[in-house]
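J.: build me a model from this:
(chains A and B)
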Amino acid sequence: MNMIVCVKQVIDPEAPPASFKIDSASNKVVPPPGVSPVISPFDEQSVEAALRIRDAQGGKITVISMGVNLLRDVVKKPLAMGADELILLEDDAFTEGDSWSTAYALAMAIKKIGDYDLIFCGRQAADWDAGQVGSGIAEILGLPSVTVAKKVETADGKAKVERVTADGYEVVEVSLPALITVSNELGEPRYPTMKGIMAAKKKEPAIWKPADIGVEPAQVGTAGRRTRIVKLFQPVREGKCEIISGETPEEAAVGLATKLREAKIL
Amino acid sequence: MAEYKGVMVYCEAAEGRLLPIATELLGCGKKLAGDLGEELCAVLLGANVSSVAQEAITFGADKAYVVNDPQLGDYQTDSYVAALEKVVKEVMPQIVLMGQTSVGRDLAPRLAFRLDPAASMDCIDLAIDPESKRLLQTRPVYGGNAQATFTYDSDPQIATVRAKAMSPLEADPSRQGEVITIDAGLDPQAIRTRVLEKVPEEVAGIKLEDANAVICGGRGIGTAEGFKELEELARILKGAVGATRPPCDNGWVPDSAQVGLTGKIVAPDLYIGIALSGSSQHMSGCSGSKNIIAINKDPEANIFKEARYGVVGDWKKVVPAFRDKVKELLTE
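T.: Predicted coordinates for the structure are as follows:
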């Protein structure tokens, strides 16, 4: 089973909301100082999904990431978790893309890899939250896709996928090769072991430029965007919370109930 | 080259009725179509959805396109994308709207990449730019920490819309509209998936997204037993229990109880957030609530920035006393 997992380096979504800042002049997010970027959490779960399949039946896992200033400690985490190879599309031309130009570059890189049965992506990245890149890659490569998976198993040239829906889940069978996007319901990704971390340190990622995947710089990153950001802004919070206090927590609780009754909320 | 005109809403239906999201989309689509001076049409896909066409018209559609095919009985990416692609190519709408639902999330990007333009997902505001007449699509980004307004130049402009972000029109049974049947033209060979089974996660009582009161617990609840306490409060308030992601990931509550960016969207009259920090990801799913109440022992928790009333204290002490008082007040 040859598997490819696409992962994205993002600003840590667990960073405190107060540290989130934007530069409205450039419509860009200012990375919070002192907070290390991370692999987007759903992408880590994608790595975990691939590792579980390899644990069960063997295979090879190739991880792809894209951007500039990719911190090796961050993008090597999938290797430390147990993935076999890492390819970085690392070039200024690949930055600031939208769903379209991102999916296109990743699809062309996957085409270059050539030999694959399963491609995994997170259901959406923790920065732009669009959730389009996985489906986009599948469409460009002409592959079937199943999105928002919580369990993936393979047998006889097919994958059986549990797809999360609003009221539970459905079990979908898909022919391979296929693309699957993974959701948090899959469960916690494994922690890298010390052995894994040491092994990852020794592995050097392959660096691919636009020419290596047969694309013009104008087709990827900012230049390849189809969408324009008119405005990026932070919604205004009113922040007028009335704190109900009391001598004891119980007294405050009674005060709260009384208050809600007075305000006709109850 | 023919011109793209009008607004199209892909309407999801179940058991012969439009889903609430479909009526919300028709309300939003009607406004956009009015601003453009063009028509609003509805599209229904399924094994047998003809009966729903009239309902779409009562909620504002000028026309309803119906595609019936046994292969559209279950949602499957390949069959639905192909059928909707055919409708869009025939009708050539300038704007295509769908819900940010399990179906819309999967269908919209794939359709956009097939037709070659772009899509914006999970929009909470849509407007026509008065000068360019293009669609301005505003959506939360960075887990709800920011919002961005997008636009693009190619047609059709595809957007999915968050549940409860738009208001439906009043149903008007006297409205007239044309119902047009389109053949799905599906190639069974091109459908590469099969739905083997649907597994509902039963939740007793009122459905979370329909409840007038939602009691949400966070990581601080600590155990599945803790959530029983919240259920008791929900029962008294005739509401439903929701959760942030950690309680779902830890198995204290079913995954379907998750409220937030990637879970359910709720907008009840009363939302009580208990032992949860109020992360942007969670608040994305409940910030439309009329009254947000917070109970948390950390006075610095983000939830207090969003709440109208709050109590700073240990939920284990606050909740039972609150529940007893509420019970007393409601039985007076």
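J.: quick one: the strands in the stretch 1-150 of chain A?
T.: With DSSP state E, counting those that start in this stretch as the criterion, the stretch 1-150 of chain A has strands at A:2-6, A:9-10, A:21-23, A:28-30, A:38-39, A:60-67, A:85-90, A:118-122, A:145-155.
J.: how does chain B divide into domains?
T.: B:7-190, B:208-331 (automatic domain parsing).
J.: got TSV for those, with mean neighbour count and mean pLDDT too?
T.: All C-beta atoms are positioned from the backbone trio N, CA, C, and that covers glycine. Formatted as TSV, the domains of chain B follow (neighbours: other Cβ atoms under 10 Å in any protein chain shown; pLDDT from 0 to 100):
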stretch	mean neighbour count	mean pLDDT
domain B:7-190	20	96
domain B:208-331	21	95
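J.: tabulate these (JSON lines), appending distance to chain A.
T.: JSON lines is the format used below for the domains of chain B (distance: least, Cβ to the nearest Cβ, whole Å):
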{"stretch": "domain B:7-190", "distance to chain A": "4"}
{"stretch": "domain B:208-331", "distance to chain A": "4"}
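J.: a markdown table for these, including distance to residue A:188?
T.: Below are those laid out as a markdown table (distance: least, Cβ to Cβ, whole Å):
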| stretch | distance to residue A:188 |
| --- | --- |
| domain B:7-190 | 19 |
| domain B:208-331 | 7 |
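J.: ok so, going back, can you say which of the strands of the stretch 1-150 of chain A is packed in most?
T.: strand A:118-122 (a mean of 28; mean count of other Cβ atoms under 10 Å in any protein chain shown).
J.: what is the distance between that strand and the centre of its chain?
T.: With Cα atoms, centre = their mean, to the nearest Å as the basis, strand A:118-122 stands 10 Å off its chain's centre.
J.: stretch B:5-13 now?
T.: 15 Å.
J.: now do the end-to-end distance for that stretch.
T.: Terminal residues of stretch B:5-13 lie 25 Å apart, using Cα to Cα, to the nearest Å.
J.: quick one: residue B:32 and residue B:133 touch, right?
T.: No: taking Cβ atoms under 8 Å as the definition, residue B:32 is not a contact partner of residue B:133, at 10.6 Å.
J.: what kind of secondary structure is the residue nearest the centre of chain B in?
T.: Chain B has residue B:163 as the residue nearest its centroid, 2.6 Å off, counting by Cα atoms, centre = their mean. Secondary structure assignment for residue B:163 (DSSP: H, G, I helix; E, B strand; the rest coil): coil.
J.: what about the strands in the stretch 151-266 of chain A?
T.: Using DSSP E, counting those that start in this stretch, strands in the stretch 151-266 of chain A cover A:158-165, A:168-175, A:178-182, A:206-208, A:227-233, A:242-243.
J.: for these, which one ends up most surrounded?
T.: Among the strands of the stretch 151-266 of chain A, the stretch with the highest mean neighbour count (mean count of other Cβ under 10 Å) is strand A:178-182, at a mean of 28.
J.: please, which helix or strand holds residue B:319?
T.: Per DSSP states H and E, residue B:319 falls inside helix B:315-331.
J.: sorry, back to before: which residues are common contacts for residue B:32 and residue B:133?
T.: Common neighbours of residue B:32 and residue B:133 are not found (criterion: Cβ atoms under 8 Å, 6 or more residues apart in numbering or on different chains).
J.: helix, strand or coil for residue B:140?
T.: On the three-state scheme (three-state DSSP), residue B:140 is labelled strand.
J.: stretch A:93-100: how far from the chain's middle?
T.: How far stretch A:93-100 lies from its chain's middle: 15 Å, per Cα atoms, centre = their mean.
J.: cool, and stretch B:154-164?
T.: Worked out by Cα atoms, centre = their mean, stretch B:154-164 lies 12 Å from the chain centre.
J.: and the gap between the spatially closest residue to residue A:90 that is not a sequence neighbour and residue B:293?
T.: Among residues not flanking residue A:90 along the chain, residue A:207 sits closest, at 5.2 Å (Cβ to Cβ, 6 or more residues apart in numbering or on different chains). Distance, residue A:207 to residue B:293, using Cβ to Cβ, to the nearest Å: 52 Å.
J.: and for residue B:183?
T.: When distance is defined by Cβ to Cβ, residue B:183 is 53 Å away from residue B:293.
J.: turn the strands of the stretch 151-266 of chain A into JSON lines, including mean pLDDT and distance to residue B:310.
T.: Putting the strands of the stretch 151-266 of chain A into JSON lines (pLDDT from 0 to 100; distance: least, Cβ to Cβ, whole Å) gives the following:
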{"stretch": "strand A:158-165", "mean pLDDT": "97", "distance to residue B:310": "32"}
{"stretch": "strand A:168-175", "mean pLDDT": "97", "distance to residue B:310": "34"}
{"stretch": "strand A:178-182", "mean pLDDT": "98", "distance to residue B:310": "36"}
{"stretch": "strand A:206-208", "mean pLDDT": "98", "distance to residue B:310": "51"}
{"stretch": "strand A:227-233", "mean pLDDT": "95", "distance to residue B:310": "26"}
{"stretch": "strand A:242-243", "mean pLDDT": "96", "distance to residue B:310": "5"}
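J.: now these as TSV including distance to residue B:211?
T.: Putting the strands of the stretch 151-266 of chain A into TSV (distance: least, Cβ to Cβ, whole Å) gives the following:
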stretch	distance to residue B:211
strand A:158-165	19
strand A:168-175	18
strand A:178-182	29
strand A:206-208	50
strand A:227-233	31
strand A:242-243	24
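J.: shaky segments in chain A?
T.: Chain A contains residues with pLDDT under 70 at A:238.
J.: can you map out the helices along it?
T.: Here chain A has its helices, by DSSP state H, at A:41-57, A:72-75, A:77-81, A:99-113, A:133-141, A:194-202, A:249-262.
J.: okay, those in TSV with mean neighbour count next?
T.: Below are these laid out as TSV (neighbours: other Cβ atoms under 10 Å in any protein chain shown):
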stretch	mean neighbour count
helix A:41-57	21
helix A:72-75	17
helix A:77-81	25
helix A:99-113	23
helix A:133-141	26
helix A:194-202	13
helix A:249-262	20
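J.: in JSON lines: those, plus distance to residue B:88.
T.: JSON lines is the format used below for these (distance: least, Cβ to Cβ, whole Å):
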{"stretch": "helix A:41-57", "distance to residue B:88": "29"}
{"stretch": "helix A:72-75", "distance to residue B:88": "38"}
{"stretch": "helix A:77-81", "distance to residue B:88": "38"}
{"stretch": "helix A:99-113", "distance to residue B:88": "18"}
{"stretch": "helix A:133-141", "distance to residue B:88": "15"}
{"stretch": "helix A:194-202", "distance to residue B:88": "46"}
{"stretch": "helix A:249-262", "distance to residue B:88": "48"}
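J.: make JSON lines from these and add distance to chain B to it.
T.: Shown next, in JSON lines, are the helices of chain A (distance: least, Cβ to the nearest Cβ, whole Å):
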{"stretch": "helix A:41-57", "distance to chain B": "8"}
{"stretch": "helix A:72-75", "distance to chain B": "18"}
{"stretch": "helix A:77-81", "distance to chain B": "18"}
{"stretch": "helix A:99-113", "distance to chain B": "6"}
{"stretch": "helix A:133-141", "distance to chain B": "4"}
{"stretch": "helix A:194-202", "distance to chain B": "23"}
{"stretch": "helix A:249-262", "distance to chain B": "4"}
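J.: quick one, which of those gets closest to residue B:258.
T.: Residue B:258 sits nearest to helix A:41-57 of all the helices of chain A, at 13.9 Å, using Cβ to Cβ.
J.: ok, which of the domains of chain B comes nearest residue A:70?
T.: Nearest of those to residue A:70, taken as Cβ to Cβ: domain B:7-190 at 19.2 Å.
J.: end to end, how far does that closest one reach?
T.: Using Cα to Cα, the end-to-end distance of domain B:7-190 comes out at 29 Å.
J.: before we move on, back to that, from the chain's centre, how far out does the helix holding residue B:319 sit?
T.: Chain-centre distance of helix B:315-331: 32 Å, with Cα atoms, centre = their mean.
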